[in-house]
Structure formats: structure tokens, C-alpha cells
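1. Sequence and predicted structure are below.
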Number of protein chains: 2
Amino acid sequence: MSTEKKVLDFIASSKTNQTHCSTCSLSSLCLPITLQADDLNALEQVIKRGRPIQKGEVLFKQGDDFNAVFAIRTGALKSFTLAQSGEEQITGFHLASELVGLSGYAEDVHSVSAKALETTTVCELPLDKLEILCDEIPDLRKQVMRNMSGEIRQDQQMMLQLSKKSADERLAYFLLELSHRFERRGFSAKAFRLSMSRVDISNYLGLAVETVSRIFTRLQKNGLITIEGKEITHLNLDALNRLAGNPVADTQCDAL
Amino acid sequence: MSTEKKVLDFIASSKTNQTHCSTCSLSSLCLPITLQADDLNALEQVIKRGRPIQKGEVLFKQGDDFNAVFAIRTGALKSFTLAQSGEEQITGFHLASELVGLSGYAEDVHSVSAKALETTTVCELPLDKLEILCDEIPDLRKQVMRNMSGEIRQDQQMMLQLSKKSADERLAYFLLELSHRFERRGFSAKAFRLSMSRVDISNYLGLAVETVSRIFTRLQKNGLITIEGKEITHLNLDALNRLAGNPVADTQCDAL
DNA sequence: TAGAAACATTGACATAGATCAATATAGCTT
DNA sequence: AAGCTATATTGATCTATGTCAATGTTTCTA
């Protein structure tokens, strides 16, 4: 621990030495990586702590020059693209410890906008500096590439959801994904707060708000979740997995 | 040109010095990059030419160890994920000069399968060697990252299509995307062959085959395309752009 | 070159989820 | 704390697209 240190520990609690969440890392996928102390110091020199971003505030906009990526320290963001026709598609929700903005790399401009879902603090990683470090620190390069690759995987999973799954399946998928992400960060898998609105959820899942609302109440009626407003107090993970079409060890599928 | 050389030229005609398609490159986005002659030689040492892959044959499978990525020299591939429930989602079609398999990076196993749509030849880039070169050649690292980032952008565009666009809009989008890619490679934007089946197209676009078939005939009836089987002989690009919801210089939108 | 198998088209009908409309609730602002 | 606005829920319809079924057309295989 004197020569190595988890990157997330650093990101999440910059300048301190807390060691919670030891399975997490810089990666949005929470891949465990470690950096040598020297490398970590180099990275530390480069990170800029931003002021808090208020709910609804924009961190960067689609089309902005791509000159930094951001690691979320606290709070949550959504990112979204705008079609020429004006339609908005939410491409992802981002929680603490995740990296946002990498999709801008290909075109030198951000390909999405990012907006705070609640008061959020981020670390800014200026691109020029990050580039240099990626060439100097192979572990960092790998980690950034893993991040990108993970986002591809995630987006492709979403394509599958959007093109093949029913509304119920999509909502179950959404809840389970969130649940996993909270769990990996050391929080409860069964109780958490939805920082995004119903409209955001429905936009993300390619559904109408009304549909999402109806499904939430139905899921609640059938005992798959307990929810009040944005507060989820209990997820029946097995039942939701069955509903989402994922394999579950025990019993057969008769939820809903 | 003695010290620099387009990478695609190399990939597409390995061991020769052809210089056609000067705007293309290794990237699936056809970003123009160049490598120093020395670097190019280093890359050349690493590339393995594979034997031709026959139509329907699998290049790699979801879950396979991730130990190489592939650059397509000739032909076309589709890549797809399988849900646990068995549903198949095509995540992309890949033409000559594109790079496939990068999404496996995050998990050390391929996250998709790749299958030939026609007889196809590929260059194999063994991962271990590619990794070393990425650390030695910053330009190559950047190019690989641009590739990944571009795939994210592309997948997110697809999410928008799947969740916000009508069947007609999706098909128009699909045709226009293909058209762009052919054009960038120096082929006609208005006439080309669809190497994938209607089933593949419908799977990719999240529609039923019947819907795709119906739309093709309707588009033809309305003069937006001329198509016979897999052979497209004329695309009305302006009208398709209007249909897809893209801005077009002239007249108003009353296609269809 | 015939016959089989895969692929494509077309029509008739069914339905999941969108849309429209009304009401209820939560979160801000002063 | 009252009032305003944004957000959420619920109900009643409507419709784009899926599903089922039948037929036509290519593309393989022997």
C-alpha cells in the first residue's frame, strides 16, 4: 500500500488516504487497477478539482471542444445526444467514480452533453496532460482503453434492450444495472435513491413516461419493488432477474 | 510519402505500396492518420494475414479469450451479442478497412461474436503485440482510442435511432450510413450491394423482417430508392435525409 | 438443371405501448 | 406556509408495428 494505491481511492477522496471501496477504481466498470506511487503522483499533478455543479447545470455540451474528461467524485450525471431533429436521447447515467466524456475522443468535440442530476463534484482530467500520461504510464493507458471498451459493451447491451425487450424487461434491467453499480461501490443492492426523474428513465429506456409510471406501480403491487417517489427501499432481485430474462438459480418464472 | 504512409493502404494491400483511398485509414471512422515509416514497419511485423473466411463462418465468438483484434481487408462482417435468453442483437456491420473486436478489451473476453456476411479476408492483430506497440507508438495508441471512441459514438447514435425513430426513419438512417461508408472508401454513394440479409437488417434496426420488406417496397414505389434483391442501384440521398430527419439544403419534407 | 432450403414479399389481424386528458403530489420560491 | 411549477400517476383511447399465414423468389446442392 505504500508503493501502490487504488486509483478510485484517490479520485474519490483526492489528497487523502482513505481506503474504502477497495474493489473500485477509476473505471466506470469498477475494474480493479492499481498504479505505482510515482505514477499516481504524476496523475495527481494533472487532476483539477472543479467547483460543485448544481442540479440541472451542464458540465459540457455536445459539440464543445474536447479538451478534458471528468471523473465523478460525488453526485450523478446524465449524458445525452441531440438528434438534428431536436430529439434528446439519454445515453447513460453516471455515478461517483465513473469517467465521462471519453466518447468525444474520436472527433475532437464532445459527442454528448453532460448534465448534473443532483449537486455533483468532478475531477477534471485535461486531455493534453492525460495524453502525455497515457504514453508514459501503460497501466493508465490500459485503464482508459478498458473504460472505453466497457462503454461500448454497455451501449451494445442497451441496443439489445431497446430493440428486443419489452417495457417490463427494460425497467427490470435498468433497476438491476443500477443496483449492481451501487453494490460494487459498497452500497446496498436493494435500497437506493433514483437521482433521475421518471422522464429521464423513460427517455433512456425508449418508453413513454406513463408507461414507466404504470410499470413501477405494477411492480410494486406484485411485490417486486418497494418504491416511494425516488426512494427505492426494497428490490426483489431474483424476481427482477427473472423478469429481465436473466438466469436465476432457483424457482421458475411467474413474476408479474 | 517516403517517411509516412497511410495505414489503410498498408492494411488493405499489405506488403505493397498502393496509395488509393488516401482519405481512409485504419479507423472504422476513416480518420486520416499517418505513421512514420519505422512505426509502420513495426506494425507490419505484427500483423498476421488470415486465410479467407467463408460466408457464415465465425471469426470469433462472444466469450472467447480476447487475444486479437482484426482489420478487415476485403468483404464484410456482422457482429452480434447474445442475451442469456437467447435473443441475438446485431451490434454492427463492418466493411473493409474497419477494425473489429475492440469491445472485448474491457473484460478480456470478446463481448460479441463476429460472422462473415460474404467471403472475407482479415488481418489479425495479436493483442500482446498491439499492446506493446501502443505503448511505443503514441500515434497508434491514439488511433486505437479514436476507434473505440468512434464506436461509442456510433452505438449511441444507434440507441437514439432505436428509442426515438420510426421504422421508416431507421431504415433511411441505415441506408444513409452505409452510403457514407461506401463513399468514404471511394465507392458510389448511390449504388452498392447490401451484403446482409433482410433478417439481419431488421434485427439490427429492431424491427420485424416484414416491416423492413414493406418499407423497401414503399420507398421504391415513392422513388426514394431503386432496389432489386440485395442490389441498390439508386439512392435519392436528399429525400432519404429528409425522411431520416436530417437537415437538407433545399425543398421541404414531403417524401413518402 | 431439378429439387430443396433459405430468403423475401404481401396481406389480414392483434397488441404493446403511445398519446391525450385529467388529477394528484412534490419541490421551490417568496 | 401559501401558491406555483414541475413531476408523477391513472384512465381511456389510438396506432405503428408485430405476428401469423400464404406465396413467391432466389440460392444452394447434388
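-> Looks like it came in fine.
2. State the number of residues packed around the spatially closest residue to A:Leu127 that is not a sequence neighbour.
-> By the measure of Cβ to Cβ, 6 or more residues apart in numbering or on different chains, the closest residue to A:Leu127 outside its immediate chain neighbours is A:Asn67, 5.0 Å from it. Bear in mind the C-beta positions are built from the backbone N, C-alpha and C, glycine included. By other Cβ atoms under 10 Å in any protein chain shown, the residues close to A:Asn67 number 16.
3. surely A:Asn67 meets A:Leu130?
-> No. Using Cβ atoms under 8 Å as the test, A:Asn67 is too far from A:Leu130 to be in contact (10.0 Å).
4. Could you tell me the per-residue confidence at A:Leu43?
-> For A:Leu43, the model assigns a pLDDT of 84.
5. measure it to DNA strand C for me?
-> Distance from A:Leu43 to DNA strand C, counting by Cβ to the nearest atom of the strand, to the nearest Å: 35 Å.
6. Pull up the residues of the stretch 51-200 of chain A that are close to DNA strand C.
-> A:55, A:166-168 (Cβ under 7 Å from any atom of the strand).
7. where does whichever residue of the stretch 1-150 of chain A sits closest to DNA strand C fall, phi/psi-wise?
-> Relative to DNA strand C, the nearest point of the stretch 1-150 of chain A is A:Lys55 (6.5 Å; Cβ to the nearest atom of the strand). Dihedral pair for A:Lys55: phi -50, psi 130, per degrees, to the nearest 10.
8. Contacts only, for it.
-> By Cβ atoms under 8 Å, 6 or more residues apart in numbering or on different chains, the contact set of A:Lys55 is A:116-119.
9. please redo it, this time with the cut-off set to 6 Å
-> A:116, A:118 (Cβ atoms under 6 Å, 6 or more residues apart in numbering or on different chains).
10. Which pLDDT value belongs to it?
-> Per-residue pLDDT puts A:Lys55 at 95.
11. can you give me the strands for chain A?
-> A:4-6, A:34-36, A:48-49, A:58-60, A:68-74, A:76-82, A:88-95, A:99-100, A:113-116, A:121-126, A:192-193, A:225-228, A:231-235 (DSSP state E).
12. Which residues of the stretch 51-200 of chain A lie near chain B?
-> A:81, A:83-85, A:87, A:89, A:91, A:103, A:105-106, A:111, A:135, A:138, A:145-146, A:148-153, A:155-156, A:158-160, A:162-164 (Cβ under 6 Å from any Cβ of the partner chain).
13. Narrow these to those in helices?
-> A:135, A:138, A:145-146, A:148-153, A:155-156, A:158-160, A:162-164 (DSSP state H).
14. Buried among these? Need that as a selection in PyMOL.
-> Buried subset of these, written as a PyMOL selection, criterion 16 or more other Cβ atoms under 10 Å in any protein chain shown:
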select buried, chain A and resi 135+145+146+148+149+150+151+152+153+155+156+158+159+160+162+163+164
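15. one step back: now distance to B:Asp200 and mean neighbour count too, for the strands of chain A, in a markdown table please.
-> A markdown table is the format used below for the strands of chain A (distance: least, Cβ to Cβ, whole Å; neighbours: other Cβ atoms under 10 Å in any protein chain shown):
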| stretch | distance to B:Asp200 | mean neighbour count |
| --- | --- | --- |
| strand A:4-6 | 43 | 18 |
| strand A:34-36 | 43 | 17 |
| strand A:48-49 | 46 | 12 |
| strand A:58-60 | 36 | 20 |
| strand A:68-74 | 35 | 22 |
| strand A:76-82 | 25 | 21 |
| strand A:88-95 | 24 | 22 |
| strand A:99-100 | 33 | 24 |
| strand A:113-116 | 32 | 22 |
| strand A:121-126 | 39 | 20 |
| strand A:192-193 | 39 | 18 |
| strand A:225-228 | 37 | 16 |
| strand A:231-235 | 36 | 16 |
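16. Find the centremost residue of chain A, please.
-> Centroid-nearest residue in chain A, with Cα atoms, centre = their mean: A:His94, separated by 3.0 Å.
17. Would you enumerate the residues in contact with that one?
-> Going by Cβ under 6 Å, 6+ apart, A:His94 touches A:72, A:77, A:100.
18. and the nearest residue to A:Ser85 once chain neighbours are set aside, backbone torsions?
-> In space, and not counting its chain neighbours, A:Ser85 is closest to B:Gly245: 3.9 Å by Cβ to Cβ, 6+ apart. Dihedral angles of B:Gly245 (phi, psi; degrees, to the nearest 10) stand at phi 90, psi 10.
19. Tell me who's in contact with A:Val248.
-> Contacts of A:Val248 (Cβ under 6 Å, 6+ apart): A:238, A:241-242.
20. Among those residues, which one is most surrounded by other residues?
-> Neighbour counts for these peak at A:Arg242, which has 21 neighbours (criterion: other Cβ under 10 Å).
21. Where does pLDDT dip in the stretch 51-200 of chain A?
-> For the stretch 51-200 of chain A, no stretch has pLDDT under 70.
22. Find the residue closest to A:Asp139 in space, skipping its chain neighbours.
-> Counting by Cβ to Cβ, 6+ apart, the residue nearest A:Asp139 is A:Leu35, at 5.8 Å.
23. beta partners for that neighbour?
-> A:Lys5 (DSSP bridges).
24. Against B:Lys221, how distant is it?
-> 61 Å (Cβ to Cβ, to the nearest Å).
25. which parts of the stretch 51-200 of chain A sit against DNA strand D?
-> Checking the stretch 51-200 of chain A against DNA strand D by Cβ under 7 Å from any atom of the strand, the hits are A:197-199.
26. Mind giving me the ChimeraX select for those, buried ones only?
-> Per 16+ other Cβ under 10 Å, the buried members of these correspond to this ChimeraX selection:
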select /A:198
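27. Which members of the residues of the stretch 51-200 of chain A next to DNA strand D occur in helices, if any?
-> Judged by DSSP H, those include A:198-199 as members of helices.
28. List just the nearest of the residues of the stretch 51-200 of chain A next to DNA strand D to DNA strand C.
-> Using Cβ to the nearest atom of the strand, those come closest to DNA strand C at A:Ser197, 9.7 Å.
29. Next one: that closest one from chain B, what distance?
-> To chain B, A:Ser197 is 17 Å away according to Cβ to the nearest Cβ, to the nearest Å.
30. Same check on A:Leu175?
-> Taken as Cβ to the nearest Cβ, the span from A:Leu175 to chain B is 17 Å.
31. give me every residue that touches that residue.
-> Contacts of A:Leu175 by Cβ under 6 Å, 6+ apart are A:Leu240.
32. now swap in A:Thr119 and tell me
-> Residues in contact with A:Thr119 (Cβ under 6 Å, 6+ apart) are A:52, A:54, A:75.
33. Count the residues that sit near the second one.
-> Around A:Gln54 there are 11 other residues, counting by other Cβ under 10 Å.
34. residue contacts, it?
-> A:Gln54 sits in contact with A:Thr119, where contact means Cβ under 6 Å, 6+ apart.
35. domains of chain A?
-> A:3-153, A:165-244 (automatic domain parsing).
36. now the ones you listed as TSV including distance to B:Ile232?
-> Shown next, in TSV, are those (distance: least, Cβ to Cβ, whole Å):
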stretch	distance to B:Ile232
domain A:3-153	24
domain A:165-244	29
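37. among those, which is nearest B:Glu210?
-> Of all the domains of chain A, domain A:165-244 sits nearest to B:Glu210, with 19.3 Å by Cβ to Cβ.
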